[in-house]
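# got a sequence here, can you build the structure:
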Amino acid sequence: LSPEQHTPWQIAHGMIAFGQEFRLRRTSDKEYVNAVDFFCNQAAVNGNRIFQPSSFGLETLSGGGLEGHPDQFLAIFAQSDLASDHPIRVGDQDYAVADLVEQAKMSYYAGQEASWTLISLSTYLPLEATWENSTGQQFGIEDLVRAEVSAEPTTGACGGTHNLFALAYALKRAQAVRQQATGVWKEAEEKLARYQQRTRALQNGDGSFSSNYFEGPGSAIDETEQIE
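Numbers count the residues shown, from 1 in each chain. Have a look, this model is predicted:
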């Protein structure tokens, strides 16, 4: 990918695949640049840095070519193993990933799409963490898990795959420190098991997965829509 030709949204997805080793190639002089460094220090759209100072730290611009879901870029940082003190430069001010974490805590509200927030905060906060958002509401990691357990995958982004991935991601982190899943963590485990079974039940005869995700069987004529 090239920073001149591809959007921050596209570059961020490359970071999921390759993490901190992901490189971009500038079209102007064929120079390679580290994608994480570019993202944290230069990435902008229409002259505006994708990260902007806020009352609580840093907020992320949303829209076309930018963040498409709350805390999506922060979740990608989490999956890329970026430390909370990893520097972010905006103008002449120095910030860190932790400033995005603080903003995520302060802006989360009941009913918000929680998949990427769960990935983010289950990475950068202790699993028993609780906090108060900007309006005084109390939340904890388990509240985010509960929100994702109750969410209906077939109505979610990308057929519900993000909902289930967020639960699996957080549950894996919980399993690393706990002997047995209880309470809402057990509910997450059971939901994942149900949808694993449903995925297999909807699998097509050629081994591909249903193009209708978890809603029912389906096979797409267009191979770009088929899930192998």
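
# check contacts around the residue nearest to A129 when sequence neighbours are not counted.
Nearest residue to A129 in three dimensions, chain neighbours excluded: I141, at 5.7 Å (Cβ to Cβ, 6 or more residues apart in numbering). (Glycine included, C-beta is placed from N, CA and C.) By Cβ atoms under 8 Å, 6 or more residues apart in numbering, the contact set of I141 is L118, L121, S122, L125, P126, L127, E128, A129, A170.

# distance check, the fifth one against S54.
If I follow you right, that is P126. 24 Å (Cβ to Cβ, to the nearest Å).

# tell me which of the two has more neighbours.
Legend: neighbour count by other Cβ atoms under 10 Å for P126 and S54, higher for S54 (16 against 11).

# so that one makes contact with L100?
No: when contacts are counted by Cβ atoms under 8 Å, S54 is not listed as touching L100 (9.6 Å).

# low-scoring stretches of this structure, by residue?
Scanning the chain for pLDDT under 70 picks out the ranges 228.

# what about burial for the contacts of I141, which qualify?
Buried by 16 or more other Cβ atoms under 10 Å: L118, L121, S122, L125, L127, A170, out of the contacts of I141.

# surely the last one is within a helix?
Yes: note on A170: a helix contains this position according to DSSP: H, G, I helix; E, B strand; the rest coil.

# residues contacting it?
Contacts of A170 by Cβ under 8 Å, 6+ apart are L118, I119, S122, I141, L144, V145, E148, A188.

# with distance to A220 and secondary structure as added columns, please give those in CSV.
Putting these into CSV (distance: Cβ to Cβ, whole Å; DSSP: H, G, I helix; E, B strand; the rest coil) gives the following:
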residue, distance to A220, secondary structure
L118, 29, helix
I119, 28, helix
S122, 33, helix
I141, 37, helix
L144, 33, helix
V145, 32, helix
E148, 27, helix
A188, 30, helix
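
# could I get those residues as JSON lines with distance to A174?
Below are the contacts of A170 laid out as JSON lines (distance: Cβ to Cβ, whole Å):
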{"residue": "L118", "distance to A174": "11"}
{"residue": "I119", "distance to A174": "13"}
{"residue": "S122", "distance to A174": "8"}
{"residue": "I141", "distance to A174": "9"}
{"residue": "L144", "distance to A174": "12"}
{"residue": "V145", "distance to A174": "8"}
{"residue": "E148", "distance to A174": "13"}
{"residue": "A188", "distance to A174": "8"}
